[in-house]
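Asks: please find the sequence and the predicted model below.
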Amino acid sequence: MPSFLTRTLLRARPVALAAALCIGPAAIAGETVPLAQRLAEIREVNRYVPERGLPMLLQIEQEGRAAPLPERIDFLNQLANSYEGVGKLAEATAVADELVALGHTHKDNVALARGLLRKGYIAYRRSELAESHRLIWEAERLAYTTDNIDLKIRATISAGESFREEGNFPKALERVQAAVALARRHGDPTHIVVSLNALIALYEQMREYDKGFEALAEAVEAAQKTSSLGRMATLKHAEYGLAAATGQYQRGLKALQEGLAIERLIGADSQAGYSMVNLSDCYLKLRDYRNAARYAELAIEAARTLNDAGLEATARLNLGQAYLASGRLADGKRHIEAGMSGYENLGDQPQLQAVLVEYGQALERAGDLPGALRAYHRERTISNELFEKRRQRAMLDLQEKYETEKKQRQIELLRSENEVNRLERRVWWLLAALFALASVVVGLLYRKVRQANAKLYEKNKELKQQSVRDPLTGLYNRRHFLEYMRTMPQPELQASAEQCGALFLLDVDHFKHINDTWGHAAGDAVLTAISSSLREILRETDMIVRWGGEEFLAFLPSIPRAGLDEVAQRILSGISAVRIVHGGHSLGVNVSIGFAPFPLACGALVLPWERAVNIVDMALYLAKAHGRNRAYGVQGFGDPARVDMEEIEQNLEGAWRAGQVKLSVVLGSQMEMRASA
């Protein structure tokens, strides 16, 4: 189970935590020590042990609030951080509001940006993800109007993490790499560690593990220069994430145990909670379910003490996985559902999608096929939502580009009109003697306007075409198919059963493995090759749609009813024969298919097209659940008086075995055989 990722916070300078924890009240109150130095000494304590840092700050509160503006900003920022660290979010919000008000009063963007950043972190803790991102992006904009390097790095990292939480990894990588470059330029080892730590977490999510290990080595070297035990403990978490992702579980276990020992030594309860949830995750991977459950239960207790919803959600997911693997099905499902509810409240869709994949696989291993089917459909829904968001973002970018070009054309047209007016004045002066020449000039201008209008018409046609096509494969997109089906008259059942339409829904087998092993560029190459193969296999009159992610839908308007299995066989064989050359490797892929005639009817009842697609989707799931590289086709239904369509849509396999539905099974070309029922 993937571990929950915390937001990285920056600290201003390297301080040995063991020494900082020994600061006593007399040292803090000492008149000979400047306030700025005392705040710097508290900062490291505050970062890892806020329950120790908060009393230190409250002891100097009167002095901090009366200090000159830079020290007052630093004090309020640390105080808000302490309140947030101990779970007192209302008090943290009040202090963050003070910082914002201070910034407005003094027209100081450092105070304003720090206040907005702090409010963004608090909104994140409250699971208000959209508001958190808005505040952080505004804080980043303000940070770059100042010369405060610490603030710029901190705001840039947080902006990148906000893009990551939205699933926008290219934008996230751009921001975090900018923070790393800024930290390297200024040479502060603390800044280098925190920015590289954020980069490691991002590389792990993007499955760029080699780059992650390179960044980790640089971060460890920088952390040794800070002499901070807390920084080293943080990097142990980063090492575990990379080790677990690359199957080095013993290395990951050792890193976590070392990190937990450091955290307990310095009293960093919050970080210890994350170490415990990661230890439960590691023991799951090592199939030590007793220890996995034990550390997950400890992490849940820590999360409740810390008021940390994200930590509790991840711990419950790990506990549920341990229970499922131990045969406690009901307890396992209860904890996993609670954990997924936590992710839903946090709005972290990419993480929830990954959890649903693992949940479905665990239920399938436990023999709960209906539960696995529900998890599969939930994961498909989220996948389609994320795909639609990316498509809409691409369309907005395209629209913005078109609007820019349109404005440029308008400017050019205006210039042309001004030129025409100037030429017309000259023509009138020379009209008597040069009438014929003027006619030629007017004709040329008219032709120029016609050419401009023709180009504009072509551009509009191009934009309309792009709005109904998938940018990667060039196939029709899901939106176009839905519009087509809404406007197409509902087909009636023909007296002759020889001809019909057909719906084929395809899903690429083991597509996640292709992306994980060869990278997303290889995945794109596979999708492009499959779309080309489908164009060759099917007819020009057939509509081929990129349904979402790695799914394709083909709508055949007219086909002999007896030929549906043959079409399924052609698709299976044709795609299996394709070889995709990428990065010096030759890849082969298979697909699983669900299909049915269209319209689909049970007796006199003609099913709406939406229900027909849903039943085809269920047939596709059966194909994947029973070995992949095969097609399951709905041929018809049993006695209409005994058929329950709701039951068929909920459990197609059960309905098939009960004789309510007739299916045909077409095996891939590697099997060279066909079964039917």
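Replies: Nice, I can see it.
Asks: where along the stretch 151-300 of the chain do the helices fall?
Replies: For the stretch 151-300 of the chain, helices defined by DSSP state H, counting those that start in this stretch occupy the ranges 169-186, 189-205, 209-226, 229-245, 249-266, 269-285, 289-306.
Asks: okay, those in TSV with distance to Arg65 next?
Replies: Where C-beta positions appear, they are placed from N, C-alpha and C, glycine not excepted. TSV is the format used below for the helices of the stretch 151-300 of the chain (distance: least, C-beta to C-beta, whole Å):
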stretch	distance to Arg65
helix 169-186	30
helix 189-205	26
helix 209-226	30
helix 229-245	27
helix 249-266	29
helix 269-285	26
helix 289-306	27
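Asks: how about TSV for those helices, with mean neighbour count added?
Replies: Below are those laid out as TSV (neighbours: other C-beta atoms under 10 Å):
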stretch	mean neighbour count
helix 169-186	18
helix 189-205	26
helix 209-226	18
helix 229-245	23
helix 249-266	19
helix 269-285	25
helix 289-306	20
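Asks: could you dump these into TSV and include mean pLDDT and distance to Leu652?
Replies: Compiled in TSV, the helices of the stretch 151-300 of the chain are given as follows (pLDDT from 0 to 100; distance: least, C-beta to C-beta, whole Å):
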stretch	mean pLDDT	distance to Leu652
helix 169-186	92	36
helix 189-205	92	35
helix 209-226	92	39
helix 229-245	88	36
helix 249-266	89	38
helix 269-285	87	32
helix 289-306	89	33
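Asks: where along the chain do the strands fall?
Replies: Listed in chain order, the strands of the chain (DSSP state E) span residues 476-477, 499-508, 543-548, 551-560, 579-582, 585-588, 591-598, 601-602, 605-606, 630-637, 661-667, 674-676.
Asks: out of those strands, deepest packed?
Replies: By mean neighbour count, with neighbours taken as mean count of other C-beta atoms under 10 Å, strand 591-598 ranks first of the strands of the chain at a mean of 26.
Asks: and that strand, which strands flank it?
Replies: Applying DSSP bridges, strand 591-598 is found paired with strand 499-508 (antiparallel), strand 630-637 (parallel).
Asks: same list (the ones you listed) but as JSON lines, adding mean pLDDT and distance to Glu44.
Replies: Listed next are those as JSON lines, based on pLDDT from 0 to 100; distance: least, C-beta to C-beta, whole Å:
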{"stretch": "strand 499-508", "mean pLDDT": "91", "distance to Glu44": "50"}
{"stretch": "strand 630-637", "mean pLDDT": "90", "distance to Glu44": "60"}
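Asks: the ones you listed: which one's closest to His191?
Replies: Comparison of the strands paired with strand 591-598 against His191 by C-beta to C-beta identifies strand 499-508 as nearest, at 42.9 Å.
Asks: quick revisit: which one of the strands of the chain lies nearest to Asn77?
Replies: Ranking the strands of the chain by distance to Asn77, with C-beta to C-beta as the measure, places strand 543-548 first at 44.1 Å.
Asks: so for the closest one, mean pLDDT?
Replies: Strand 543-548 shows a mean pLDDT of 90.
Asks: residue ranges with poor pLDDT in the stretch 551-677 of the chain?
Replies: Low-confidence segments of the stretch 551-677 of the chain, defined by pLDDT under 70, span residues 669-677.
Asks: recalculate using a threshold of 90.
Replies: Of all residues in the stretch 551-677 of the chain, those with pLDDT under 90 make up the ranges 557-563, 577-588, 598-613, 615, 625-628, 635-662, 668-677.
Asks: again with the stretch 301-450 of the chain
Replies: The low-confidence ranges in the stretch 301-450 of the chain, as defined by pLDDT under 90, are 301-318, 320-450.
Asks: hmm, back to that, nearest to Asp74, out of the helices of the stretch 151-300 of the chain?
Replies: Closest of the helices of the stretch 151-300 of the chain to Asp74 is helix 189-205, at 15.2 Å (criterion: C-beta to C-beta).
Asks: what's that closest one packed up against?
Replies: The criterion is 3 or more C-beta pairs under 8 Å, 6 or more residues apart in numbering; DSSP states H and E, and the helices and strands that helix 189-205 contacts are helix 149-165, helix 169-186, helix 209-226, helix 229-245.
Asks: quick revisit: TSV for the strands paired with strand 591-598, including distance to Gln410?
Replies: What follows is those, written out as TSV (distance: least, C-beta to C-beta, whole Å):
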stretch	distance to Gln410
strand 499-508	44
strand 630-637	53
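Asks: mind checking which of these is nearest Pro189?
Replies: Shortest distance between Pro189 and the strands paired with strand 591-598, using C-beta to C-beta, is found for strand 499-508: 45.6 Å.
Asks: got the angle between the closest one and strand 551-560?
Replies: Counting by axes from the mean of the first three to the mean of the last three C-alpha atoms, to 10 degrees, strand 499-508 lies at 160 degrees to strand 551-560.
Asks: what's the angle between strand 499-508 and strand 543-548?
Replies: 30 degrees.
Asks: distance of the residue nearest the centre of the chain relative to Ser132?
Replies: For the chain, Gly167 is the residue whose C-alpha lies nearest the centre (C-alpha atoms, centre = their mean; 2.7 Å). For Gly167, the distance to Ser132 equals 15 Å [C-beta to C-beta, to the nearest Å].
Asks: cool, and Gly247?
Replies: Separation of Gly247 from Ser132 (C-beta to C-beta) stands at 34 Å.
Asks: cool, Ala330 as well?
Replies: According to C-beta to C-beta, Ala330 and Ser132 sit 35 Å apart.
Asks: and the two? which has more neighbours close in?
Replies: Ser132 (24 against 9; other C-beta atoms under 10 Å).
Asks: that one contacts Ala123, doesn't it?
Replies: Yes. Counting by C-beta atoms under 8 Å, Ala123 is a contact partner of Ser132 at 3.9 Å.
Asks: low-scoring pLDDT stretches of the stretch 1-150 of the chain, where are they?
Replies: Applying pLDDT under 90 to the stretch 1-150 of the chain picks out residues 1-54, 61, 64, 80, 82, 84-88, 124-130.
Asks: wait, Ala244 sits on Asp281?
Replies: Yes. Using C-beta under 8 Å, Ala244 is in contact with Asp281, at 7.0 Å.
Asks: in the stretch 1-150 of the chain, which spans are helices?
Replies: Read by DSSP H, counting those that start in this stretch, the stretch 1-150 of the chain holds these helices, from start to end of the chain: 17-20, 25-29, 35-48, 50-59, 61-65, 69-85, 89-106, 109-125, 129-143, 149-165.
Asks: take those and lay them out in a markdown table including distance to Ile544.
Replies: Converted to a markdown table, the helices of the stretch 1-150 of the chain look like this (distance: least, C-beta to C-beta, whole Å):
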| stretch | distance to Ile544 |
| --- | --- |
| helix 17-20 | 60 |
| helix 25-29 | 71 |
| helix 35-48 | 55 |
| helix 50-59 | 57 |
| helix 61-65 | 66 |
| helix 69-85 | 52 |
| helix 89-106 | 51 |
| helix 109-125 | 42 |
| helix 129-143 | 36 |
| helix 149-165 | 33 |
